[in-house]
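[1] For reference, the sequence and a predicted model appear below.
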Amino acid sequence: MRFQTPLIPARLIRRYKRFLADMRLEDGSEVTAHCANPGSMMGLKEPGTKCWLEPNDDPKKKLKFGWRLIEHDGGHFTGVDTSIPNRVVYAALQDRFIPELAAYGSVRPEVKYGENSRVDFLLSEPGLKSAYIEVKSVTLCRQTGLAEFPDAVTARGAKHLEELAHMARAGHRAVMLFLVQRTDCRKVSLASDIDPNYAQAFISAASEGVEALAYDCCISPDEIAINGALEFAG
């Protein structure tokens, strides 16, 4: 997924009210950017952090900048916009880039299922079980090379696991796909100390047949695209 508008560098002043972030541009001016990330953003919101913003001239948008990336030392990046992973995965599924799911020709996003929920993707192919796919954006890294999910308590995430387990019991494929929006991690695990209920829900769902996949991304100020499989340590 290429960014529609060239990103510009900035430095983080503060992130607040979850969806707002004050930034200092290279010319010294200060702007407020939309932060499309409802999570805690643990380890990603230190003042002075180098960020990349996407400007816009849409008169319908109150804020003229969107916070898209963080640049770390060593040239690594983290994508902070939680709306991007579904677009990245959608493109990968259509291109049959994910080997475990490449046999499916029909990819339908945002299909109603469970109790008042929508699954991120429903895959189908004649002769195969339907596959229900939930995507989670992973940005937390507390140990070198290890990405963790979640970065905050997520009752909604636990509900998704229960609904996937229900689909698995009904005879369908059910997959939790962790998309790591970082370029500096090679393994993924659950942050059970942050949300033990989610960790327990995951164990229960796995016992019902819910599959877990983990992939990372190629990230630059030009684009974000799915890269390769990561080890999922559970």
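    That came through fine.
[2] quick check: domain ranges of the protein?
    Following automatic domain parsing, the chain resolves into domains at 8-77, 84-232.
[3] quick one: which of those is nearest R2?
    Closest to R2 of the domains of the chain is domain 84-232 (CB to CB; 4.3 Å). C-beta coordinates here come from the backbone N, C-alpha and C atoms, glycine included.
[4] Now the terminal residues of the closest one, how far apart.
    Domain 84-232 has its terminal residues 21 Å apart, counting by CA to CA, to the nearest Å.
[5] Just the helices from the protein, written as ranges.
    Along the chain, the stretches classed as helices by DSSP state H are 84-94, 155-169, 196-207.
[6] Kindly reformat those as TSV containing distance to I13, mean pLDDT and mean neighbour count.
    Shown next, in TSV, are the helices of the chain (distance: least, CB to CB, whole Å; pLDDT from 0 to 100; neighbours: other CB atoms under 10 Å):
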stretch	distance to I13	mean pLDDT	mean neighbour count
helix 84-94	23	97	19
helix 155-169	30	95	19
helix 196-207	32	97	17
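[7] Can you list the neighbours in contact with stretch 215-232?
    Identification of contacts with stretch 215-232 by CB atoms under 8 Å, 6 or more residues apart in numbering yields 1-3, 6-7, 52, 69, 77-79, 84, 88-89, 91-92, 97-99, 147, 177-183, 185-189, 212-214.
[8] circling back: tell me which of the helices of the chain lies nearest to L25.
    Across these, closest to L25 is helix 84-94 (CB to CB), at 22.2 Å.
[9] what sits up against the closest one?
    Contacts of helix 84-94 (CB under 8 Å, 6+ apart): 1, 68, 79, 98, 101, 104, 107, 109, 120-121, 123, 133, 135-137, 177, 179, 181, 215, 217, 224-226.
[10] May I see the PyMOL selection of the buried members of the contacts of stretch 215-232?
    Of the contacts of stretch 215-232, the buried ones can be selected in PyMOL as follows, counting by 16 or more other CB atoms under 10 Å:
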select buried, resi 1+3+7+52+69+77+78+79+84+88+89+92+97+98+147+177+178+179+180+181+182+183+185+188+189+213+214
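[11] Just the ones of the contacts of stretch 215-232 in strands?
    52, 69, 77-79, 147, 177-180, 185-189, 212-214 (DSSP state E).
[12] picking that back up, any chance of CSV for the helices of the chain, columns distance to E26?
    Output for these, formatted as CSV (distance: least, CB to CB, whole Å):
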stretch, distance to E26
helix 84-94, 24
helix 155-169, 37
helix 196-207, 39
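[13] wait, what's in contact with V135?
    85-86, 89, 120-121, 177, 179.
[14] same thing but 10 Å
    82, 85-90, 93, 119-121, 160, 175-179, 213, 215 (CB atoms under 10 Å, 6 or more residues apart in numbering).
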